[in-house]
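> missing the sequence, but the structure's below:
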């Protein structure tokens, strides 16, 4: 009897420590990744990395100014196309929807959210690149926008639903009609949460490589306008890391550090910003 | 004449409906543009192993095999790790520690996949080649899984990178479904004299098991569709081998490598059919995952016959 008790107690301690070890291993992966990138990429970050074009193959030095600008342009397009549709769609689901349509839209949003990003790339290729017969910034931006819409839509809906009933009723009692109530009371009350969702969605697509490979493609030079192929940070990291040159590998590390820094910083800032509470709780 | 409310209703409805349009268009485009390959190869596409763009002969089997094998390796590693960590966060850790560790895990999920690929190529592949694969061969070499030369790249390496990438998904969903199990269940078990571990493993985990399955399907769907990290370490060689050391290929990886260079309509349409297969696989898995998670969290009580 006693031996059995000792056995149960030791099993208890052993298994519980094992779960702690699992948690430790998982979270330490992030610090390891971050540390390794800083160590490897930090020394090759310089001012010219942000301001210069890539050097011709075989020459040392050069920068990734075109890729950084390319990523920003792609994100701008993604926000321009994706955010309004996601936002308005979310308003529909939370404020206007009946039964069938919101169910369908919600289900479809979750479905689209789970579609592998490379398949979104094929879709944008068929939709934009095939009719235009060449790769373009526009095609890449549309691919990213398609990935932004479901996240923003679902997030907007859930934050709008959290707005207390009393606020709506107060606005109706003052004689506002429905759209005025939504635009001047409900949306501002949920604005902080909605903004968080938008920024997190953009941070996610900022690191996407697969949907850009055959839409925005790549470019060793500046990409004027919106109809030319463009370079972007994730695609450059991929090309350089799998390329044969030592100098490319160093640049890939530096670019990886910049991209990871950008994504993590956005995530941390935005989540800290959200955890301060929703806007209506403070008001 | 429309009133302001009707106009607002209409505009937001159009935005919501455009999401449905995107989804329908996505399936339609994949279907139409893969028609040539579907007409030429039929079901044969899924049973042949040749992938020869020059002679126009395409079979999907090596890619499907590689996708499934790398994902299976990833799950074998990620499930115990993720569920173990979730148990720690839900049952043991004080709330403050639990929420900050969950925050770190969420950040881990936000790391772009090309970064995992970068670390895979320059860090994991050399370690696999010089240390891990020789060690596995020495001690477990009698298994067909661990035979052949240690290249560093291959199914096993891709599976390990995928595992690290999907652990946060297993963790966060499992933690939530574990937390949804009511407190009385734990207290009843403890009152009957169970140790903490016994109450967790024999009462809480079984009550949450359907939701945990859901998190696994979700992780599987992520792993199947993951592109960059796999492309960079899997070896990009379309062959079927029992050994996990062997270089292989996956659906997403062949799309990433060959799509922009595909010449000829048949080649392109074969690649798009691969995309369709990938879409359908993840579609089914995601639907299943959502259903399972919904069942556990909606029951609320979480009390299931075990």
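Here it is on my side, so go on. In this text the structure is predicted, and so the values were computed from the model without any measurement.
> which one is whatever residue of the stretch 151-283 of chain A ends up closest to chain B nearest to, not counting chain neighbours?
The stretch 151-283 of chain A approaches chain B most closely through residue A:207 (2.5 Å), counting by Cβ to the nearest Cβ. Every C-beta, even on glycine, is put in place using the N, C-alpha and C of the backbone. The shortest distance from residue A:207 to any non-neighbouring residue, by Cβ to Cβ, 6 or more residues apart in numbering or on different chains, is to residue B:112 (2.5 Å).
> residue nearest the centroid of the chain?
Because you didn't say which chain, this covers chain A. In chain A, the centroid-proximal residue (Cα atoms, centre = their mean) is residue A:204; its distance is 1.5 Å.
> the chain in question should be chain B.
By Cα atoms, centre = their mean, the mean C-alpha position of chain B lies nearest to residue B:223, the distance being 2.2 Å.
> tell me which element the residue nearest to the centre of chain A falls in.
helix A:187-206 (DSSP states H and E).
> before we move on, the earlier item: residue contacts, the residue nearest to the centre of chain A?
By Cβ atoms under 8 Å, 6 or more residues apart in numbering or on different chains, the residues touching residue A:204 are A:147, A:151, A:263, B:110.
> and the second one, how far is that from residue B:131?
If I follow you right, that is residue A:151. Residue A:151 sits 40 Å away from residue B:131, taking Cβ to Cβ, to the nearest Å as the criterion.
> likewise for the third one?
In this structure, residue A:263 and residue B:131 are 30 Å apart, going by Cβ to Cβ.
> who's more crowded, these two?
Neighbours per residue (other Cβ atoms under 10 Å in any protein chain shown) separate residue A:263 from residue B:131, with residue A:263 holding more: 21 against 11.
> so the more buried one makes contact with residue B:110?
Yes. Judged on Cβ atoms under 8 Å, residue A:263 makes contact with residue B:110 at a distance of 5.9 Å.
> please enumerate the helices of the stretch 1-150 of chain A.
A:2-41, A:47-51, A:65-91, A:100-114, A:117-124, A:130-132, A:137-161 (DSSP state H, counting those that start in this stretch).
> and if you look at the stretch 101-250 of chain B?
Using DSSP H, counting those that start in this stretch, helices in the stretch 101-250 of chain B cover B:113-119, B:125-127, B:133-140, B:155-179, B:183-191, B:196-199, B:205-207, B:209-225, B:228-233.
> out of those helices, nearest to chain A?
Closest approach to chain A among the helices of the stretch 101-250 of chain B is made by helix B:209-225 (2.5 Å; Cβ to the nearest Cβ).
> report all helices and strands that the closest one contacts.
helix A:117-124, helix B:61-87, helix B:155-179, helix B:251-258, helix B:265-299 (3 or more Cβ pairs under 8 Å, 6 or more residues apart in numbering or on different chains; DSSP states H and E).
> just say which of those helices is most tucked in.
Among these, ranked by average contacts under mean count of other Cβ atoms under 10 Å in any protein chain shown, first place goes to helix A:117-124 (a mean of 28).
> what comes into contact with that helix?
Outside helix A:117-124, the residues that touch it by Cβ under 8 Å, 6+ apart are A:139-140, A:142-143, A:146-147, A:208, A:210-215, B:25-26, B:29-30, B:225, B:227, B:252, B:255-256, B:259, B:271-272, B:275, B:278-279, B:282.
> and with 6 Å instead?
A:139, A:142-143, A:146-147, A:208, A:210-211, A:214-215, B:26, B:29, B:227, B:252, B:255, B:272, B:275, B:278-279 (Cβ atoms under 6 Å, 6 or more residues apart in numbering or on different chains).
> interface residues of the stretch 101-250 of chain A facing chain B?
Residues of the stretch 101-250 of chain A lying close to chain B by Cβ under 6 Å from any Cβ of the partner chain are A:105, A:108, A:112, A:114, A:116, A:118-119, A:122-123, A:126, A:177-179, A:207, A:209-210, A:213-214, A:234, A:237-238, A:241.
> show me the contacts for residue 205.
I went with chain A, as the question did not name one. Counting by Cβ under 6 Å, 6+ apart, residue A:205 has contacts A:78, A:144, A:147-148.
> run the last query once more with 10 Å
A:71, A:74-75, A:78-79, A:82, A:117, A:120, A:141, A:143-148, A:151, A:211-212, A:234, B:112 (Cβ atoms under 10 Å, 6 or more residues apart in numbering or on different chains).
> neighbours around residue A:156, how many?
26.
> residues near the residue nearest to it when sequence neighbours are not counted, how many?
Leaving aside its sequence neighbours, residue A:156 sits nearest to residue A:90 (Cβ to Cβ, 6+ apart; 2.8 Å). Residues within reach of residue A:90, counting by other Cβ under 10 Å, total 29.
> quick one, what contacts the residue lying closest to residue A:262 once chain neighbours are set aside?
With sequence-adjacent residues excluded and distances taken as Cβ to Cβ, 6+ apart, residue A:262 is closest to residue A:206, at 6.4 Å. Residues near residue A:206 by Cβ under 10 Å, 6+ apart: A:71-72, A:74-75, A:78, A:144, A:232-234, A:259, A:262-263, A:266, B:112.
> phi, psi of residue B:52?
Backbone dihedrals for residue B:52, given as degrees, to the nearest 10, come out at phi -130, psi 90.
> rewinding a little: give the residues shared as contacts by residue A:263 and residue B:110.
A:200, A:203-204, A:207.
> CSV for those residues, including pLDDT and distance to residue B:43?
Shown next, in CSV, are these (pLDDT from 0 to 100; distance: Cβ to Cβ, whole Å):
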residue, pLDDT, distance to residue B:43
A:200, 93, 42
A:203, 94, 42
A:204, 94, 37
A:207, 94, 37
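> now render the residues you listed as TSV, adding distance to residue B:232.
TSV is the format used below for those (distance: Cβ to Cβ, whole Å):
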residue	distance to residue B:232
A:200	25
A:203	22
A:204	20
A:207	14
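> hmm, which of those are the buried ones?
A:200, A:203-204, A:207 (16 or more other Cβ atoms under 10 Å in any protein chain shown).
> which of the residues you listed sit farthest apart?
Based on Cβ to Cβ, the longest span within these runs between A:200 and A:207 and measures 11.9 Å.
> what's the overlap in contacts for these two?
Shared contacts of residue A:200 and residue A:207, defined by Cβ under 10 Å, 6+ apart, comprise A:263, B:110.
> can you select the buried ones among the contacts of residue A:206 for me in ChimeraX?
Applying 16+ other Cβ under 10 Å to the contacts of residue A:206, the buried members can be selected in ChimeraX as follows:
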select /A:71,74,75,78,144,232,233,234,259,262,263,266 /B:112
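> of the contacts of residue A:206, closest to residue A:196?
residue A:266 (10.4 Å).
> torsion angles phi and psi at that closest one?
Taking degrees, to the nearest 10 as the convention, residue A:266 sits at phi -60, psi -50.
> cool, residue B:243 as well?
Given degrees, to the nearest 10, the pair of backbone angles that residue B:243 has is phi -80, psi 140.
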